[in-house]
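Undergrad: With the input below, show me the fold.
(one chain, ligands or ions: 1)
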Amino acid sequence: MSTVMSVEQACAAAKEVAQWYADTDLPTRAGLLEAIADAMDAARDDLVPIAVDESRLGVDRLTGEVGRTTGQLRLMAQVVREGAYLGVVLDTALPEATPPRPDLRRMRVPLGPVAVFAASNFPFAFSTLGGDTASALAAGCPVVVKPNPGHPRLSDAVMAIAQEALRAAGAPDGVLTMVSHELQDGIDLVNDDRIEAVAFTGSQRGGLALARLAADRPRPIPFFGELGSVNPIFVTPEAAADRGASIAEGWVGSFTLGAGQFCTKPGLLIAPRDEAIRAAAVAAVGGVAGQGMLTSAIRDAFLRGVGERTDISSVEVLHEGGWDADTDTVRATLFAVPADVVLADPRLLEECFGPMSLLVEYDDPQQMLALADVLPGLLAAGVQGQENDAIVGDLMPKLVAHAGRVLWNGWPTGVAVTWSMQHGGPFPATTAPATTSVGAAAVDRFVRPVTWQGMPQSVLPPALRDGNPWGVPRRVDGLMELS
Ligand code: NAP
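TA: Residues are numbered from 1 along each chain as shown. Model (predicted):
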């Protein structure tokens with residue numbers, strides 16, 4: 001039986017259980033997340049073949065992604081059990097003060113039903129049961145998923161497993177529901193007054209259209225869009241001289257991974273003009289086999305992006321890729337372009353999803369600083385260098401000004417799911433730069449603070465009562481108490 005509901009059914013069900021779910025104690029809610037994770041792990045071998053068939057990503061990658069997905073759910077369970085995310089702060093009454101201070105107690109409460117737009121490029125980890133769903137459920141918000149049209153059978157199978165696990169663990173229907181993958185269902189969902197926030201991963205165009213809808217509602221709601229990023233890596237002259245060829249190989253490995261279908265793909269390598277770097281990069285790209293892309297629309301957008309760059313006269317094609325119609329696979333494309341051309345043409349700083357990247361060549365290291373100044377908002381940016389390289393001190397603050405994550409001698413593609421991860425950044429990386437969609441802090445998007453003033457103990461939520469019955473970390477009269 002299909003798990004798909006109409007928007008009306010899904011929103012009504014989510015609204016009906018929202019208070020019950022918001023009131024669940026922390027161990028109960030954590031237990032629900034773990035129950036879903038256990039069920040997903042148990043079903044892994046049934047789910048992976050469906051994902052392979054629909055996404056054309058490999059068995060190993062997708063098997064690993066199930067582990068990432070259940071790891072995210074379990075990290076969120078830890079976040080919930082610990083309770084620090086509630087941000088509890090207590091100021092005891094000071095009746096003798098002038099003016100008298102009332103008893104004030106603040107904590108964060110769930111927003112209510114959240115709409116999650118599943119991504120195409122991580123059929124498990126950013127999709128139906130991905131990081132957005134896990135963090136909204138952790139916050140105490142029912143979730144209505146708009147599945148990605150790229151993998152409908154997998155979305156249905158994953159949703160069935162999660163719903164059954166929730167039911168078996170005692171949760172009412174409505175905590176997690178799904179509408180169809182039709183465009184109109186997504187629009188209706190964002191416009192539905194019962195939805196309190198939206199999380200989205202996908203294109204800039206789609207994300208902005210939906211963000212506008214969320215803002216134009218009679219009662220606007222928060223929209224958390226993770227859109228796209230060009231993720232530049234800057235190579236210092238010293239690092240290029242020392243290990244230019246191995247940097248070039250690392251870069252090719254990173255931008256061709258998963259057919260370049262990562263929002264963290266390094267789309268620019270900014271390096272000194274150097275034949276060794278060129279030669280190593282061309283050789284490495286030549287060794288990358290053709291890969292299938294997620295959907296024909298994503299493939300066509302990629303080929304269009306490659307064509308647009310090829311048409312710019314000062315852009316040199318170092319390695320021509322293209323599309324093999326017989327196998328429906330694409331081969332990686334490598335461009336080189338002088339730094340001053342990029343400075344004059346902001347189109348070259350735009351993301352192109354898929355296996356291609358630009359080698360931006362500078363003659364003077366100062367051009368790196370000029371480029372860093374004109375960068376758009378980024379999920380990640382990095383330096384390949386040595387600690388005492390002259391440019392590093394001036395370059396790093398500029399990267400911090402534009403990116404949510406800055407890397408040293410690494411590649412941005414992998415995004416660890418941890419307590420300290422920041423996966424966000426200024427527009428166009430996201431529509432909400434103060435937030436992250438990966439890691440423990442992802443839960444913060446779906447809660448809002450409330451202060452209780454002069455409230456009797458019996459009316460307060462347990463986390464705010466005297467004696468700290470939930471044992472959560474709290475700040476009391478300015479001092480942190482761990483429990
Ligand atoms: P997409 O086209 O933005 O679609 C994502 C979701 O949003 C789908 O469910 C889509 O539904 C919906 N949607 C898009 N535009 C909409 C609109 N105007 N109104 C209502 N719903 C809308 O993303 P995609 O198909 O996954 O990939 C396309 C491009 O997105 C890629 O080429 C890449 O540039 C970018 N992308 C970025 C990331 C990232 O991590 N930031 C991940 C994946 C993709 P319909 O399909 O029914 O329109």
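
Undergrad: residue contacts, Glu316?
TA: When contacts are counted by C-beta atoms under 8 Å, 6 or more residues apart in numbering, Glu316 touches Phe335, Ala336, Val337. Any C-beta I mention is one placed from the backbone N, CA and C, and that applies to glycine too.

Undergrad: What residues does the last one make contact with?
TA: By that I understand Val337. With the criterion set at C-beta under 8 Å, 6+ apart, Val337 makes contact with Ile312, Ser314, Val315, Glu316, Leu348, Leu358, Leu359, Val360, Glu361.

Undergrad: what about the third one, how many neighbours?
TA: Using other C-beta atoms under 10 Å, Val315 has 19 neighbouring residues.

Undergrad: Quick check: the residue in the stretch 251-400 of the chain that the ligand sits nearest to vs Ala332, distance?
TA: Distances between the stretch 251-400 of the chain and the ligand by C-beta to the nearest ligand atom are smallest at Cys263, namely 3.0 Å. In this structure, Cys263 and Ala332 are 18 Å apart, going by C-beta to C-beta, to the nearest Å.

Undergrad: Going by neighbour count, which residues in stretch 143-156 are buried?
TA: Neighbour-count burial for stretch 143-156 flags 143-152, 154-156 (criterion: 16 or more other C-beta atoms under 10 Å).

Undergrad: Among those residues, name the ones in helices.
TA: Within the buried residues of stretch 143-156, residues falling in helices by DSSP state H are Pro152, Leu154, Ser155, Asp156.

Undergrad: Out of those residues, which is nearest to Ala442?
TA: Closest to Ala442 out of those is Ser155 (20.4 Å), distances taken as C-beta to C-beta.

Undergrad: Can you get me a residue count around the nearest residue to Gly404 once chain neighbours are set aside?
TA: With sequence-adjacent residues excluded and distances taken as C-beta to C-beta, 6 or more residues apart in numbering, Gly404 is closest to Gly425, at 3.5 Å. Neighbours of Gly425 under the rule other C-beta under 10 Å: 24.

Undergrad: Ala162 too?
TA: 28.

Undergrad: any idea how far it lies from Gln184?
TA: 24 Å.

Undergrad: List, one by one, the residues from the stretch 251-400 of the chain near the ligand.
TA: Residues of the stretch 251-400 of the chain lying close to the ligand (C-beta under 6 Å from any ligand atom) are Cys263, Ile298, Ala301, Phe353.

Undergrad: In TSV: the residues you listed, plus secondary structure.
TA: Formatted as TSV, those follow (DSSP: H, G, I helix; E, B strand; the rest coil):
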residue	secondary structure
Cys263	coil
Ile298	helix
Ala301	helix
Phe353	coil
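
Undergrad: Taking those, tell me the two that lie furthest apart.
TA: Taking C-beta to C-beta as the measure, these span a maximum distance of 14.0 Å, between Cys263 and Ala301.

Undergrad: These two: which is more packed in?
TA: Between Cys263 and Ala301, counted using other C-beta under 10 Å, Cys263 has the larger neighbour count: 26 against 17.

Undergrad: In contact with Leu137, which residues?
TA: By C-beta under 8 Å, 6+ apart, Leu137 lies in contact with Arg29, Leu32, Leu33, Met76, Val143, Val175, Leu176.

Undergrad: Show the contacting residues for the third one.
TA: What it means is Leu33. Each residue near Leu33 by C-beta under 8 Å, 6+ apart is listed here: Leu73, Arg74, Met76, Ala77, Val80, Ala134, Leu137, Ala138.

Undergrad: Tell me the most packed of those, by neighbour count.
TA: Highest neighbour count within the contacts of Leu33: Leu137, with 31 neighbours (other C-beta under 10 Å).

Undergrad: tell me the contacts of Ala339?
TA: Ile270, Val360, Glu361, Tyr362, Asp363, Gln367, Met368, Ala370, Leu371.

Undergrad: Would you mind confirming that Gly425 makes contact with Pro433?
TA: Yes. Look at Gly425 against Pro433 with C-beta atoms under 8 Å: they come within range, at 6.0 Å.

Undergrad: Show me whatever sits in contact with both of these two.
TA: Common contact partners of Gly425 and Pro433 (C-beta under 8 Å, 6+ apart): Gly377, Gly404.

Undergrad: Select the helix or strand of this structure having the lowest average pLDDT value.
TA: Ranked by mean pLDDT, DSSP states H and E, the weakest helix or strand in the chain is strand 322-324, scoring a mean of 93.

Undergrad: That strand: how far from the chain's middle?
TA: Chain-centre distance of strand 322-324: 29 Å, with C-alpha atoms, centre = their mean, to the nearest Å.

Undergrad: again, but for stretch 31-39
TA: Centroid displacement of stretch 31-39 relative to its chain, using C-alpha atoms, centre = their mean, is 21 Å.

Undergrad: Stretch 357-376 now?
TA: Its chain's C-alpha centre and that of stretch 357-376 lie 26 Å apart, by C-alpha atoms, centre = their mean.

Undergrad: same question, stretch 271-283
TA: Stretch 271-283 has its C-alpha centroid displaced from the chain centroid by 32 Å (C-alpha atoms, centre = their mean).

Undergrad: so where's the stretch 1-150 of the chain shaky on pLDDT?
TA: 1 (pLDDT under 70).

Undergrad: and the residue of it nearest the ligand?
TA: Closest point on the stretch 1-150 of the chain to the ligand, by C-beta to the nearest ligand atom, is Ser120, at 3.1 Å.

Undergrad: Can you get me a residue count around that residue?
TA: The number of residues near Ser120, taken as other C-beta under 10 Å, comes to 23.

Undergrad: Let me see the ranges of the helices in this protein.
TA: All helices of the chain, identified by DSSP H, fall at 7-22, 26-42, 44-55, 59-82, 131-139, 152-168, 183-191, 204-216, 237-256, 275-286, 296-310, 339-344, 366-374, 392-402.

Undergrad: which one of those is the most hemmed in?
TA: Neighbour counts (mean count of other C-beta atoms under 10 Å) averaged over each of the helices of the chain peak at helix 131-139, with a mean of 30.

Undergrad: anything in that helix sitting right up against the ligand?
TA: No. Using C-beta under 6 Å from any ligand atom, helix 131-139 stays clear of the ligand, coming no nearer than 10.9 Å.

Undergrad: Next, the angle from that helix to helix 59-82.
TA: Relative orientation of helix 131-139 and helix 59-82, computed by axes from the mean of the first three to the mean of the last three C-alpha atoms, to 10 degrees: 20 degrees.

Undergrad: isn't Leu227 right up against Pro426?
TA: No. Taking contacts as C-beta under 8 Å, Leu227 lies outside contact range of Pro426: 11.0 Å.

Undergrad: neighbour count winner among the two?
TA: Leu227 (24 against 20).

Undergrad: Local confidence estimate at the more buried one?
TA: Leu227 is assigned 96 on the pLDDT scale.

Undergrad: likewise Ala259?
TA: At Ala259, the model reports a pLDDT of 95.

Undergrad: Any stretches of the stretch 251-400 of the chain with poor pLDDT?
TA: Across the stretch 251-400 of the chain, nothing is flagged by pLDDT under 70.
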